[in-house]
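Q: got a sequence here, can you build the structure:
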Amino acid sequence: MPELTLAAARTIVTTALETARARGLKPLAVVVYDARGSLKCVQVEDGTSLRRAEIALGKANGALALGLGSRAIAKRAEEQPHFVAAVSHLVGPAALVPVPGGVLIRDGAAILGAVGISGDTSDNDETCAVAGIAAAGFAAETGA
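A: This is a model prediction of the structure:
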């Protein structure tokens, strides 16, 4: 079974931050979990607002926990708010953030982990995550 290496996680983070700087986005927090839910890599740019890393962790953890990109979780929160509230309660209040920016890392059918980004708009956060995942040679699943 393929796995997410530390080198690949670093590529994801580096590329996500480079993408943000090239686009002139606000400072970001970027986290990468492996398939087991272990934190692989985290970087927080200077100037991020308070708790951005925790928000990024919640986006990634929620995607990994439910096997859905957080864009799909956001849609589900609109359609089934009681379900998402219940899941949030079960996994902890900071462990599921139902907005775009939590993206699954796939290698074929296998989920290798998830990326969470917070700091700019959710759509921009997601764009940076997708760029990082692609740079590492994997497929991104946003939940779109």
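Q: what ranges do the strands span in the chain?
A: Remark: strands assigned in the chain by DSSP state E are 29-34, 39-44, 102-107, 110-118, 139-141.
Q: CSV please, covering those strands and showing mean pLDDT.
A: Putting the strands of the chain into CSV (pLDDT from 0 to 100) gives the following:
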stretch, mean pLDDT
strand 29-34, 98
strand 39-44, 96
strand 102-107, 97
strand 110-118, 98
strand 139-141, 97
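Q: which of those sits closest to residue 53?
A: Residue 53 sits nearest to strand 29-34 of all the strands of the chain, at 4.3 Å, using C-beta to C-beta. Any C-beta I mention is one placed from the backbone N, CA and C, and that applies to glycine too.
Q: from the contact counts, what lies against the closest one?
A: helix 6-23, strand 39-44, helix 52-66, strand 110-118, helix 122-135 (3 or more C-beta pairs under 8 Å, 6 or more residues apart in numbering; DSSP states H and E).
Q: which of the ones you listed is buried the deepest?
A: The highest average neighbour count among those, using mean count of other C-beta atoms under 10 Å, belongs to strand 110-118 at a mean of 27.
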